[in-house]
Every structure is written in C-alpha cells, then in structure tokens.
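*Asks:* Build the 3D model from these lines:
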Amino acid sequence: MQLNIIPKHQGALLFQSLSVCTKETEMGVDLGQFMILSEHNRFGFGGHETFPFRYGWLKKAVDGIQVLGDDRAIVELGVGKNMVRSIRHWGLATQMLRVRNGRQLEVSEIGRLLMQKWDPYLEDPASMWLIHWLLIYNPARAAVWHLVFTSYTKPEFTKGLLVEFLSDYAARHGLKVKESTVSRDVDCFIRSYVASRSDRELLEDSFGCPLAELALIQPLRDGEGFRFAIGPKPTLPLEIFGYSLFDYLERVAPTRQTLSLSECLYGQGSPGQVFKLDENSLIEYLEALQEYTEGAALLDETAGLKQLYCRRKVAPLSFLDAYYAGWRT
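*Replies:* Predicted coordinates for the structure are as follows:
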C-alpha cells in the first residue's frame, strides 16, 4: 500500500485526532485516578486499582463503553467493581478510549481502528507493540510507565530503585504524590511486563498482562532485580517502528529536518529507548525505512556522524494502514 506522503507544513496537524488532551486532563478533574499537573507536563498516578490490564480487557473497554460508568458494567463485563474501574482506566491509559466534554467516554480514533477494524482480539504481536507505545506516551494516565521508559537510563533496576528514582523526580519537578502511591504503581508496572510464575502457568485469558509477551523486562537470578532486554526485537514490525519514529519526530522536532542517530537511540522518549533497541537494530530499521518510504526518511553519514534526514513528512497512521491491510490479507 502506498504511504500517505504529506506536505511539510501539515506535519504539526497529523496527530490531533489521537490527542488525549481533553478538558478532563486540562482542568485536572479527578475521574478515578490521582491527577497531577505541572507547568509543561501532565502526570497521572494510580487509577489501575493495582491490576495490570489483562487479556480481553481492552476489548471489554471498547465494547462496553456505554456501561463503564454505571452498575450495569459489573453484570455485563462479568467482573467486580474494582476491575470495572481498572478496565476503564486501562482503556484510557492505552488511548483506546478518551474523555469528551469533561466526563463523557468515547472510543478514540486509534481505538476504533485497532479494536473495531484492524485487530479486535490483539492476535498480532504488532498490536501489543503499538499499545506499548501509546501507553508510554500517555503520562497523564500512566506517569510511571512513561518515566521509566523515557527517563530512567540504567539497564537494571529493583523495585526500590524505581521508587527512589520516581520519588526524586516528583520532588524535583514539584509533583505532590505519596511514596506509597508510587510504590503501588511500580508494583503494577513490573507485573505489566514481567509474568510471575503463577501467571505463566495460567491460561492467557486469565490473569496475565499481554505486555509481558514483548519480553522487554527480564527478572534477574537474584529474584529481586530486573533488567531491560536491550537488543533486536524480532516481533516488532517495520511499520510499527515507522509509526513510532514519525510520531516521535512530530513531538520533539516538528520543524527540524535532521535527527542524529544518537537522538533516535538515546533521546528521551525515542523509539530506541521505548523499544529498548541497540544501535545495530536501530540502524537496520532506519535503513529498511529508507526504502519503505521511498527516501522520505534517509539515513546518511557525514564526517563520521550518522543522521536521519526527513526529506518529506509521512503521516504516522499510514504505516499502520499499510501494515494491517497486509496482515489481514
């Protein structure tokens, strides 16, 4: 499928339809989670009721959107009251849902495409990589997930180290959040990406979080520590990488035409950081992207410095349209 190459001046408008910047987040209205607003960023802690999202929950959120706010949800979704709140939270955190006019839930554009058209049952591993990216880029609903994957630079961690890092970040940026809240979020974060032994022994549609399939975080032998799995990602398709790269470019460098390889790999919130790629893997993706986009994204080396040249803007959703059109055939 031909990619949608668009004029440069339209680039800043590409992602407006997928924005989660609603009146709720702008005004700091608390709808089931502790909202924190800073001068330049919005950070949300809690809201998950200690549950990572489970297999089938995002589809429940989209299909059951009309009942998520009332008592019918307990019967129609077949879960308890706390889980209903958690399903609502994860629908919003993964950007499958959004809030309109302050309180009214609706399915987002990306939620409609993914959950009602492309891959409703999330059968393709690519869909979970996409959801991972959308979750990391929603600090208003998932601050811990966002900060760990965009700002924590060490390859290994323990729960205690993450709590210390996040509490220090909150203090330095004037965010008033209790350490106990941060601790619960870190517990939930770890269980989102690392399946416990009991989870691995259960069926997929029970208690496990599908993000664990990405194998981005691995437990250490000491039983307390964890490490990021930095390196190739065989199940991460080029199109999902392309979507994330052009989304990243629109966020951090909408007026620039070049981005260094180092920025793509180590930049805060870059695809290299969010997907935990190594340099060789990143270069392979960028070289393949050059051909895929017919030169819209060009990897070149000048005076020993590798740089990505964005010769034309590409609509991020074009990558997803192309991928899922091919996947369904």
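*Asks:* so where's the stretch 151-300 of the chain uncertain?
*Replies:* Across the stretch 151-300 of the chain, the ranges flagged by pLDDT under 70 are 197-207.
*Asks:* 90 instead?
*Replies:* Applying pLDDT under 90 to the stretch 151-300 of the chain flags residues 176, 195-208, 222-224, 250-258.
*Asks:* ok, which stretches of it are helices?
*Replies:* Using DSSP state H, counting those that start in this stretch, the helices of the stretch 151-300 of the chain run over 159-172, 179-193, 197-201, 238-252, 261-266, 271-274, 279-292.
*Asks:* Could you work out the end-to-end span of stretch 151-170 for me?
*Replies:* Using CA to CA, to the nearest Å, one end of stretch 151-170 lies 12 Å from the other.
*Asks:* Spell out, range by range, the strands that occur in this structure.
*Replies:* 5-6, 34-37, 42-45, 97-100, 104-107, 156-158, 217-219, 225-228, 258-260, 297-302, 305-310, 313-314 (DSSP state E).
*Asks:* Turn those into TSV, columns for mean neighbour count and distance to D71.
*Replies:* Backbone N, C-alpha and C define where each C-beta goes, glycine included. Formatted as TSV, the strands of the chain follow (neighbours: other CB atoms under 10 Å; distance: least, CB to CB, whole Å):
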stretch	mean neighbour count	distance to D71
strand 5-6	15	46
strand 34-37	18	24
strand 42-45	22	25
strand 97-100	20	19
strand 104-107	16	16
strand 156-158	16	40
strand 217-219	16	37
strand 225-228	17	39
strand 258-260	15	50
strand 297-302	15	50
strand 305-310	17	50
strand 313-314	24	46
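*Asks:* Kindly reformat those strands as JSON lines containing distance to F51.
*Replies:* Listed next are the strands of the chain as JSON lines, based on distance: least, CB to CB, whole Å:
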{"stretch": "strand 5-6", "distance to F51": "40"}
{"stretch": "strand 34-37", "distance to F51": "16"}
{"stretch": "strand 42-45", "distance to F51": "15"}
{"stretch": "strand 97-100", "distance to F51": "16"}
{"stretch": "strand 104-107", "distance to F51": "19"}
{"stretch": "strand 156-158", "distance to F51": "22"}
{"stretch": "strand 217-219", "distance to F51": "18"}
{"stretch": "strand 225-228", "distance to F51": "20"}
{"stretch": "strand 258-260", "distance to F51": "38"}
{"stretch": "strand 297-302", "distance to F51": "39"}
{"stretch": "strand 305-310", "distance to F51": "39"}
{"stretch": "strand 313-314", "distance to F51": "37"}
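*Asks:* So which residues of the stretch 1-150 of the chain form helices?
*Replies:* 23-27, 57-63, 72-77, 81-93, 109-113, 125-136, 143-151.
*Asks:* just to revisit the earlier point, can you say which of the helices of the stretch 151-300 of the chain is nearest to A142?
*Replies:* Among those, helix 179-193 comes nearest to A142, with 8.5 Å by CB to CB.
*Asks:* contact partners of the closest one?
*Replies:* 34, 45-46, 48, 50-53, 143-145, 148, 159, 162-163, 166-167, 170, 209, 211-212, 214, 216-217, 226 (CB atoms under 8 Å, 6 or more residues apart in numbering).
*Asks:* Could you report the neighbour count for G304?
*Replies:* Residues lying near G304 (other CB atoms under 10 Å) number 5.
*Asks:* which residue packs closest to E224, ignoring adjacent ones?
*Replies:* Take E224 and drop its neighbours on the chain: the residue closest to it by CB to CB, 6 or more residues apart in numbering is T158, 5.5 Å away.
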